[in-house]
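Asker: Build me a structure from this.
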Amino acid sequence: MAQILIAASDVALSRQLVELLGARGHAVEVASELDAALGQVEQVPPELCVLELVRDDAQANECLERLRRAAPSTAFVVVAEEGAVDVVVQAVKRGADQGLCRPLTAVALDGAVKQALERGAAMRDAPLSTPPATGRERGEFQRLVAAHPLMQQLLAKAYQAAQSRATVLIHGETGTGKELVAAAIHQNSKRRTGPFIRLNCAALSETLLESELFGHERGAFTGAVGRRKGRFEQAHQGTLFLDEVSEIPLSVQVKLLRFLQEREFERVGGDEPLQVDVRIVAATNRDLKAMVDEHTFREDLYYRLNVVRLEVPPLRARSSDVPLLAEHFLHRYAAENEKEVSGMSDAARDALVAHSWPGNVRELQNVIEQAVVLSESAEIGIEALPLAGELKACEPVRLMIPGVTLAELERFAIERTLDSVGGSPSKAASILGISRRTIQYRMREWGMSPREKLDDDDEAEADAN
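Answerer: Sure thing, here's the model as predicted:
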């Protein structure tokens, strides 16, 4: 049973909600005025608030934001007019957990209330600390070789997400390890004893993708000689990882959205609604928001997937992890190939750090594997690296030669870090462990215009100064 507040001026809607929710054993209160609802929430925050939203009602939209700020632990379900999907989408942007359009059904309301309450409880219970320090406690996170501050921040956020039931969207370039992050989230969640099912959405045609996701009935299409369970059914009580989710066709996006909203689907060629308990973790290397603007990805689906967003940094942005990863892969492939390779030369290690790694961790993994397989000695030298020609030519290697001044090292560190974080002094300062003012001062000293490199927060501070 949950404490639920209904904020609706429509008497018929209030009566229907009271009847449906009361029948489920919830303790329900009603506020017919938005100000009254705000007052009640501020005094005694309910577990859930069901808020009526009318199209073009600026006061109601503003009230949602105020309610969310006043009661961050309260879950919110909004109810909009029939067909007002745009109102629901805007409400989700402003902080609603679930959204429904009238006319309401008991099944849809039950599903929305259940998901909103579960998400609210999960976020309240999620620990605010960083991931446990020991590999045994961290479980699958120990497979992620990472010491850089950017990766430590990512792991802390991923660990918190793992404790909840929220849908997770992982964004990062190809080869950065998005699937490892997804697997770590599953292994550190309450679903760890359930299946972890993977599907590369870019590898299948539209028809095959729909069948892989939802399954099909016998005779649904040519070659469908029997009933087949899809990935959703296979992932029951576990996690479904949708890699390259940006490649899902619009027609299939509709069905995926329906599952995220109502937790049910139908097999291809079937008409029986099926319900499964599955958590979605999605990944993409593309800008889904830009795809929404281009009308190639549904906006409502984007906000359903983008509940918790994790950004996996490219390898060039965490070059200090390169030696750790290189050693990890070296020992792994030496054991797999029964090679007596135990280390690498300082020159080889420096060259690896200096490389830009456009293929990210996957490229580094491939380079080390080739070097180990072809090595004829116990130590890998720079000449043994498959990219030796490129690596030797990298300018940053010069900075590792004795005689370089501290001023040169400082400029190199600041410029490379700015490049890796898109030019943001605040982010660069966080990584380097210095103040943002120091970076801004150096930029001016070197003739770099601060306004060419500032993000919104940096620019606001620069204007204030």
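Asker: Let me see the domain layout of the chain.
Answerer: With domains defined by automatic domain parsing, the chain comprises 3-125, 145-308, 315-400, 406-464.
Asker: Mind putting these into JSON lines with mean neighbour count?
Answerer: Every residue, glycine included, has its C-beta placed from N, CA and C. Shown next, in JSON lines, are those (neighbours: other C-beta atoms under 10 Å):
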{"stretch": "domain 3-125", "mean neighbour count": "18"}
{"stretch": "domain 145-308", "mean neighbour count": "18"}
{"stretch": "domain 315-400", "mean neighbour count": "17"}
{"stretch": "domain 406-464", "mean neighbour count": "15"}
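Asker: Which of these has the lowest mean pLDDT?
Answerer: Ranked by mean pLDDT, the domains of the chain end with domain 406-464 at the bottom, a mean of 69.
Asker: For residue 438, which residues are in contact?
Answerer: Going by C-beta atoms under 8 Å, 6 or more residues apart in numbering, residue 438 touches residue 429.
Asker: residues making contact with stretch 13-24?
Answerer: Stretch 13-24 is contacted from outside by 4, 6, 8, 28, 30, 32, 50, 52, 79, 102, 104, 106, 109-110, 113, using C-beta under 8 Å, 6+ apart.
Asker: out of the residues you listed, which are inside helices?
Answerer: 106, 109-110, 113 (DSSP state H).
Asker: Looking at these, which is nearest residue 355?
Answerer: In terms of C-beta to C-beta, no member of those lies closer to residue 355 than residue 113, at 52.3 Å.
Asker: residues touching the closest one, list them.
Answerer: Shown in contact with residue 113 (C-beta under 8 Å, 6+ apart): 2, 4, 21, 24, 26, 48, 50, 77, 98.
Asker: can you put the residues you listed in CSV and add distance to residue 446 and secondary structure?
Answerer: What follows is those, written out as CSV (distance: C-beta to C-beta, whole Å; DSSP: H, G, I helix; E, B strand; the rest coil):
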residue, distance to residue 446, secondary structure
2, 58, coil
4, 59, strand
21, 63, helix
24, 65, coil
26, 62, coil
48, 54, strand
50, 56, strand
77, 53, strand
98, 51, strand
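Asker: ranges for the strands of the stretch 351-465 of the chain?
Answerer: For the stretch 351-465 of the chain, the strands defined by DSSP state E, counting those that start in this stretch cover 379-380.
Asker: can you pull out the helices in it?
Answerer: Remark: helices assigned in the stretch 351-465 of the chain by DSSP state H, counting those that start in this stretch are 360-374, 388-392, 406-420, 425-432, 436-445, 456-464.
Asker: what's the answer for the stretch 1-150 of the chain, then?
Answerer: Along the stretch 1-150 of the chain, counting by DSSP H, counting those that start in this stretch, helices occupy 11-23, 34-43, 58-70, 85-93, 106-125, 135-138, 149-163.
Asker: Convert the C-alpha atoms of the first one to CSV, please.
Answerer: Read it as helix 11-23. C-alpha atoms of helix 11-23 as CSV (Å, rounded to 0.1, in the frame of the first residue of the first chain):
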residue,chain,number,x,y,z
VAL,A,11,-14.0,15.7,-10.8
ALA,A,12,-14.7,12.7,-13.1
LEU,A,13,-11.0,11.9,-13.4
SER,A,14,-10.5,12.3,-9.6
ARG,A,15,-13.4,9.9,-8.9
GLN,A,16,-12.0,7.3,-11.4
LEU,A,17,-8.5,7.5,-9.9
VAL,A,18,-9.8,7.2,-6.4
GLU,A,19,-11.9,4.2,-7.3
LEU,A,20,-9.1,2.4,-9.2
LEU,A,21,-6.3,3.2,-6.8
GLY,A,22,-8.4,2.6,-3.7
ALA,A,23,-9.4,-0.8,-5.0
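Asker: now it: how far from the chain's centre is it?
Answerer: 36 Å (C-alpha atoms, centre = their mean, to the nearest Å).
Asker: I'd like the numbering to begin with 42 instead of 1 from here.
Answerer: Noted, 42 is the first residue going forward, which turns the last one into helix 52-64.
Asker: Using PDB, write out the CA atom coordinates for the strand or helix carrying residue 367.
Answerer: In this assignment (DSSP states H and E), residue 367 forms part of helix 363-377. Written as PDB, here are the backbone C-alpha positions of helix 363-377 (Å, rounded to 0.1, in the frame of the first residue of the first chain):
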ATOM      1  CA  VAL A 363      46.600   3.000 -21.300                       C
ATOM      2  CA  PRO A 364      49.500   1.300 -19.500                       C
ATOM      3  CA  LEU A 365      47.100  -0.500 -17.100                       C
ATOM      4  CA  LEU A 366      45.000  -1.800 -20.000                       C
ATOM      5  CA  ALA A 367      48.100  -2.700 -22.000                       C
ATOM      6  CA  GLU A 368      49.500  -4.800 -19.100                       C
ATOM      7  CA  HIS A 369      46.100  -6.400 -18.600                       C
ATOM      8  CA  PHE A 370      45.800  -7.500 -22.300                       C
ATOM      9  CA  LEU A 371      49.500  -8.500 -22.400                       C
ATOM     10  CA  HIS A 372      49.100 -11.000 -19.500                       C
ATOM     11  CA  ARG A 373      45.800 -12.200 -20.800                       C
ATOM     12  CA  TYR A 374      47.000 -13.000 -24.400                       C
ATOM     13  CA  ALA A 375      50.300 -14.400 -23.200                       C
ATOM     14  CA  ALA A 376      48.400 -16.900 -21.100                       C
ATOM     15  CA  GLU A 377      45.900 -17.700 -23.900                       C
END
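Asker: contacting residues for the closest residue in space to residue 48 that isn't next to it in sequence?
Answerer: Of all residues not flanking residue 48 in the chain, residue 78 sits nearest, at 3.7 Å (C-beta to C-beta, 6 or more residues apart in numbering). Residue 78 makes contact with 46, 48, 72, 90, 92, 104, 108, according to C-beta under 8 Å, 6+ apart.
Asker: so can I have CSV of those residues showing distance to residue 275?
Answerer: CSV is the format used below for those (distance: C-beta to C-beta, whole Å):
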residue, distance to residue 275
46, 39
48, 40
72, 44
90, 36
92, 37
104, 42
108, 39
